[in-house]
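# I would like the atomic coordinates for the input below:
(one chain, ligands or ions: 1)
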Amino acid sequence: MNIEIPNLTAFDEAALDQAFAQLERQARDEAAALDYWAAVEAFRLEWLGQKQGRLKEISGRWLKAAPAEAKKALGMRFNALKAVVEGLLDEALRTGQYKGQYGSWDVRALKAEAIDITLPGSQRLAGAEHPITKTLNEITSVFAALGYSVGVGPEVETDYYNFESMNFPPGHPARDTQDTLVVANQDRRPQRDRLLLRTHTSPVQMRTMELQAPPVRIVIPGKVHRNDAADATHSPIFHQVEGLCVDTNITFSDLKGTLDYAMKALFGSAVKTRFFPSFFPFTEPSADVQISCIFCGGKGCRKCKNSGWIELLGCGMVDPAVFAFAAEKQPAYDPKKISGFAFGMGVERIAMMKYGVSEIGQFYAGDMRFLGQFV
Ligand SMILES: [Zn+2]
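Residues are numbered from 1 along each chain as shown. Here you go, the predicted model:
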C-alpha cells in the first residue's frame, strides 16, 4: 500500500487544486484497475481506513498545517475528494469483476442471471386421491356415519380364514367360483393352514369376531385376488368393501334398511333398491341387491339392458355355521342367541358407475389424462 502523502508547502487555491486533483486522479486510476474483491477492500483501506488511510493522513497533516485562511478552501476540497473516493468504492462494489484464483465472474453478469422472484413459479401438482381410493373412502364414510368401525387384515390368508371358516369346506363347489393364487410348496401343511391370496375381505369378519364379542359393526375395505380373466369389467385384482353387523335381534329388515340407506347416500336419494334371492356359502338367506338405474332413472336404457335395474352387491344373514366357527374362540357367538347380516360390494364396479367409466383397466393404467379428471 502506498501511503506517501507529501507535505503541502503552499496553500493557495492553485496549489490546493493541483494537490487534490493529483490525489483524485490517483484514486480514479487505482479504482479502474481493481480486478478482484480483495483489491477493492485494499482500496477501501488505503483511502478510507481509520488508522492509516490517505484521507485520514491528509486531514491530519494538511489541515493541521494549513493557515487559518486556507482551512476552508482545503476542507471543501477534502470533502469533495472524500465523496469521489466513496463513489469509486461504491461503483467498484456494485459493478466489480472478480478475476482471481477461484475463477472469474462479473457482478453485472451475476445480476443478469439472478432469479427473478416476480416471475410465476413452475407449478408442481399436488397429490390427489385415486378414484378407487376416493370411492372406497366414500363407501367407508357412509357406514362410519351409521356407527361402523373399519377393519383390516392380511392379503395373504390361510385357507381356513378365506374358505373353511366362511363355510366353504374343502371340496365344496363354491370354491371354484373364487379360484385364486396359492403359495407354492405347502403340500406338507394341513389344508386349513395353507397360504393363498384372499379372494374376499370376509376373512377379516372372522378375525374380528374371534377378537371381539358381539355387538360388532365393521366395514372392511381392501384388495382381493381372483383368477378372473381381465376384460372390460373384470380384473384379477380388485377392491371390496364388506360389512358385518352382529347383535341380538338383527333381522333381514335391518339389512334391507341399512343397504337402502347406503345406496341412497352413495347414488342419491331417488335411488330405489330391491333384493333377489341368491346364494353365498356364508349367508343364509342370501340376496343380490339391485338399485334402480342411475343413468335412466328406471325407464330402461343400454346401461341397464332396458331393465331399469342394475345389480350392485351381495348380502345376506350370517350363516349359523360361520357363527359356529367364531364361537370356537368367542363363545358369545352362539347362533341361538345372536344374529347378524353381512354384505359385500366391488369398489371398482361402484366407481365405474359413479364416474361413467367403461373399462376397469383404466383405473390401473396410471394414465394421468384419465386420473387427472378425478382431482
Ligand atoms: Zn338404465
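
# count of neighbours near residue 71?
Other residues within reach of residue 71 by the criterion other Cβ atoms under 10 Å amount to 15. Using the backbone N, CA and C atoms, a C-beta is placed for each residue, glycine as well.

# go on, residue 157?
Look at residue 157: counted by other Cβ under 10 Å, it has 26 neighbours.

# where's it, which helix or strand?
Residue 157 is located in strand 156-158, with elements delineated by DSSP states H and E.

# And for residue 344?
In the assignment (DSSP H and E), residue 344 maps to strand 339-346.

# Rounded mean pLDDT for the helix or strand just after that strand, please.
Once the chain leaves strand 339-346, the next helix or strand it forms, by DSSP H and E, is helix 347-355. The predicted model assigns helix 347-355 a mean pLDDT of 92.

# Need the residues that contact helix 347-355.
Among residues not part of helix 347-355, those counted as contacts by Cβ atoms under 8 Å, 6 or more residues apart in numbering are 131-132, 134-136, 139, 221, 233, 235, 238-241, 266-267, 294, 310, 312, 357-358, 360, 363, 373-374.

# What about the residues you listed, which are in strands?
Using DSSP state E, the subset of the contacts of helix 347-355 located in strands is 221, 238-241, 310, 312.

# Buried residues, the helix or strand containing residue 141. List them.
For residue 141, the host element (DSSP H and E) is helix 131-144. For helix 131-144, the buried set under the neighbour-count rule, 16 or more other Cβ atoms under 10 Å, comprises 131-132, 134-136, 138-140, 142-143.

# Same question for stretch 366-373.
Across stretch 366-373, burial judged by 16+ other Cβ under 10 Å covers residue 371.

# just stretch 324-331 next, same as before
Of the residues in stretch 324-331, 325-327, 330 count as buried by neighbour count, 16+ other Cβ under 10 Å.

# Mark which of the contacts of helix 347-355 are buried, thanks.
By the neighbour-count criterion of 16+ other Cβ under 10 Å, the contacts of helix 347-355 include these buried positions: 131-132, 134-136, 139, 221, 235, 238-241, 266-267, 294, 310, 312, 357, 360, 363, 374.

# about what we covered before: any chance of the buried residues of stretch 324-331 in TSV, with pLDDT too?
As requested, the buried residues of stretch 324-331 are arranged in TSV below (pLDDT from 0 to 100):
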residue	pLDDT
325	95
326	95
327	95
330	94
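
# Correct me if wrong: residue 159 contacts residue 198.
No: Residue 159 sits out of contact with residue 198 when judged by Cβ atoms under 8 Å, with a separation of 10.4 Å.

# Tell me which of those two has more neighbours.
Set side by side, residue 159 and residue 198 show unequal neighbour counts under other Cβ under 10 Å, the larger going to residue 198 at 26 against 21.

# mind showing which ranges of the stretch 251-375 of the chain have poor pLDDT?
Across the stretch 251-375 of the chain, no stretch falls below the confidence threshold (pLDDT under 70).

# and it, which residues reach the ion?
Residues of the stretch 251-375 of the chain lying close to the ion (Cβ under 5 Å from the ion) are 293, 295-296, 301, 303-304.

# just the buried members of these?
A residue is treated as buried here by neighbour count (16+ other Cβ under 10 Å); on that basis the buried members of these are 293, 304.

# Can you show me the strands along the chain?
Along the chain, the stretches classed as strands by DSSP E are 97-100, 103-106, 149-150, 156-158, 195-197, 216-225, 237-247, 273-280, 283-292, 309-318, 339-346.

# Report all helices and strands that the longest one contacts.
Read it as strand 237-247. Applying 3 or more Cβ pairs under 8 Å, 6 or more residues apart in numbering; DSSP states H and E, one finds that strand 237-247 contacts helix 131-144, helix 203-211, strand 216-225, helix 252-267, strand 339-346, helix 347-355.
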